[in-house]
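# I would like the atomic coordinates for the input below:
(one chain, ligands or ions: 1)
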Amino acid sequence: ASIFAAVEMAPRDPILGLNEAFAADTRAEKVNLGVGVYYDDNGKIPLLAAVRAAEKARLEAMPPRGYQPIEGPAAYNNAVQGLLFGKDSQLATSGQTVTIEALGGTGALKVGADYLKRLVPGATVYISDPSWENHRALFESAGFPVENYPYYDAASRGVNFAAMKAKLDSLQPGSVIVLHACCHNPTGADLSDAQWDEVVAVCRERGLIPFLDMAYQGFAEGIDADAVAVRALSSSGLQFFVSSSFSKSFSLYGERVGALSIVTASKEEAGRVLSQVKRVIRTNYSNPPIHGGAIVAAVLSSPELRQMWEDELGGMRERIRAMRTGLVDQLKAEGVAQDFSFVIKQRGMFSYTGLTAAQVETLKADFGIYAVSTGRICLAALNSKNIGYVAKAIAQVVK
Ligand code: PMP
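A predicted model of the protein is given here:
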């Protein structure tokens, strides 16, 4: 018999399944709100002008394609630290922070999880309820038990901070806490600045290990404002992990550009930690690919391209916010009595709309509008052409 004869079919990824169903739908007016990607007003994934310019320069230079350092190039890693910790941050200049280039935010989480398993093998990992569905799988596959801490509050469509804090307050020292740094996926509900300070205080008091996941820097308020959680931890003197990603902020999804940063207590400690993280990488993919990181580093190190990028990032952010306001206004105009103004308060690409699984099913069956069965929609999939149609359809299913 074949060695694969008894292999079971793994469960399908629910969102990829949604995309397949959407692709097969022949209705011209169909809309896919299930995606986790930013689309422009023409419904296209943008290729940013700053990226285009950096790419053109690289193509003309035709650089050789040798191996990169295991941790990625210093120019890229320094640029990442500047965005996360702030220009000229002490955490960067002191040499106490390790940053390695990773294969997207997912790759950063994976390297971080594998390294943590060596550092604190007996720890439990806590993720928000709900969370990005890959968090659990990533940390479980690194060998950790994964549990939830309370987060989303369906009644207020915000965060149940009291419950979250009470849970964190009860955890074993050395537990790993995965926190969405901004633009919570899937709910769109973020902590306030003051609540971040409280989370930092609990982490210090209980000896917890914070692991920030920063996949959407610049998509809520701005580059620095969205780094509030990183900055709060930075000034705390605690050690912590940050995974970050340029998939969204540079619209470089398929290039797989991200980073893992680990804040240690000293430069000497950072040297030892980096040596161990490099072992994790070496036995996994050896060293990162060149192209995406080179583009990001080139954009961030040229004042002109950086300005261009910041303007384009601002444009994406403003467009998403306009879609949030537009949807709320149009639902009202359609005569929906229910208050949807929470959609304006939620941040980033996603909203937990409160639509039930049955309502989501009706949207698909009757209107060709696809959303996640939890009621999560991606605001960045709305545009000036489809928003009216979507608002009319939602109005019909909630009435
Ligand atoms: N973390 C969160 C919360 C995300 O939403 C995503 C992307 N959907 C990632 C990590 C992974 O990002 P990347 O595509 O860069 O691997």
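# In the protein, what residue spans correspond to strands?
Ranges of strands within the chain are 31-32, 97-102, 125-129, 146-150, 152-153, 158-159, 176-180, 209-214, 240-245, 258-263, 350-352, 369-370, 376-378, based on DSSP state E.
# wait, which of those strands is closest to the ligand?
In terms of C-beta to the nearest ligand atom, the element of the strands of the chain nearest to the ligand is strand 240-245, at 3.4 Å. For the C-beta atoms, the positions are set from N, CA and C on the backbone; glycine is no exception.
# can you tell me how far the closest residue to residue 323 other than its chain neighbours sits from residue 33?
Using C-beta to C-beta, 6 or more residues apart in numbering and skipping the chain neighbours, the partner closest in space to residue 323 is residue 382 (4.3 Å). Remark: distance between residue 382 and residue 33 (C-beta to C-beta, to the nearest Å) = 7 Å.
# In a markdown table, list the strands of the chain along with mean neighbour count, mean pLDDT and distance to residue 306.
Converted to a markdown table, the strands of the chain look like this (neighbours: other C-beta atoms under 10 Å; pLDDT from 0 to 100; distance: least, C-beta to C-beta, whole Å):
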| stretch | mean neighbour count | mean pLDDT | distance to residue 306 |
| --- | --- | --- | --- |
| strand 31-32 | 24 | 97 | 32 |
| strand 97-102 | 28 | 98 | 18 |
| strand 125-129 | 23 | 98 | 32 |
| strand 146-150 | 17 | 98 | 37 |
| strand 152-153 | 18 | 96 | 35 |
| strand 158-159 | 20 | 96 | 33 |
| strand 176-180 | 25 | 98 | 26 |
| strand 209-214 | 24 | 98 | 18 |
| strand 240-245 | 26 | 98 | 17 |
| strand 258-263 | 28 | 98 | 17 |
| strand 350-352 | 26 | 96 | 27 |
| strand 369-370 | 24 | 98 | 36 |
| strand 376-378 | 26 | 97 | 27 |
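# how about the ones you listed in CSV, adding distance to residue 136?
Output for the strands of the chain, formatted as CSV (distance: least, C-beta to C-beta, whole Å):
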stretch, distance to residue 136
strand 31-32, 25
strand 97-102, 19
strand 125-129, 6
strand 146-150, 5
strand 152-153, 15
strand 158-159, 19
strand 176-180, 9
strand 209-214, 13
strand 240-245, 15
strand 258-263, 19
strand 350-352, 18
strand 369-370, 24
strand 376-378, 16
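# would you list those strands in JSON lines and tack on distance to the ligand?
Converted to JSON lines, those look like this (distance: least, C-beta to the nearest ligand atom, whole Å):
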{"stretch": "strand 31-32", "distance to the ligand": "15"}
{"stretch": "strand 97-102", "distance to the ligand": "9"}
{"stretch": "strand 125-129", "distance to the ligand": "10"}
{"stretch": "strand 146-150", "distance to the ligand": "15"}
{"stretch": "strand 152-153", "distance to the ligand": "14"}
{"stretch": "strand 158-159", "distance to the ligand": "15"}
{"stretch": "strand 176-180", "distance to the ligand": "6"}
{"stretch": "strand 209-214", "distance to the ligand": "5"}
{"stretch": "strand 240-245", "distance to the ligand": "3"}
{"stretch": "strand 258-263", "distance to the ligand": "5"}
{"stretch": "strand 350-352", "distance to the ligand": "8"}
{"stretch": "strand 369-370", "distance to the ligand": "17"}
{"stretch": "strand 376-378", "distance to the ligand": "10"}
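# What residues does the chain have near the ligand?
Contacts of the chain with the ligand, taken as C-beta under 6 Å from any ligand atom, map to 36, 104, 105, 106, 132, 180, 185, 213, 215, 245, 247, 258.
# what do you get if the cut-off is 5 Å, keeping everything else the same?
Contact residues (C-beta under 5 Å from any ligand atom) of the chain with the ligand: 36, 104, 105, 106, 132, 185, 213, 215, 245, 247, 258.
# in this structure, which residue is closest to the centre?
Residue closest to the average C-alpha location in the chain (C-alpha atoms, centre = their mean): residue 215, at 2.5 Å.
# hang on, that one packs against residue 245?
Yes. The pair residue 215 and residue 245 qualifies as a contact (C-beta atoms under 8 Å) at a distance of 4.6 Å.
# Quick check: neighbours shared by these two?
Shared contacts of residue 215 and residue 245 (C-beta atoms under 8 Å, 6 or more residues apart in numbering): residue 105.
# List the contacts of the residue nearest to the centre of the chain.
Contact analysis of residue 215 by C-beta under 8 Å, 6+ apart lists 105, 132, 180, 183, 185, 243, 244, 245, 247, 248.
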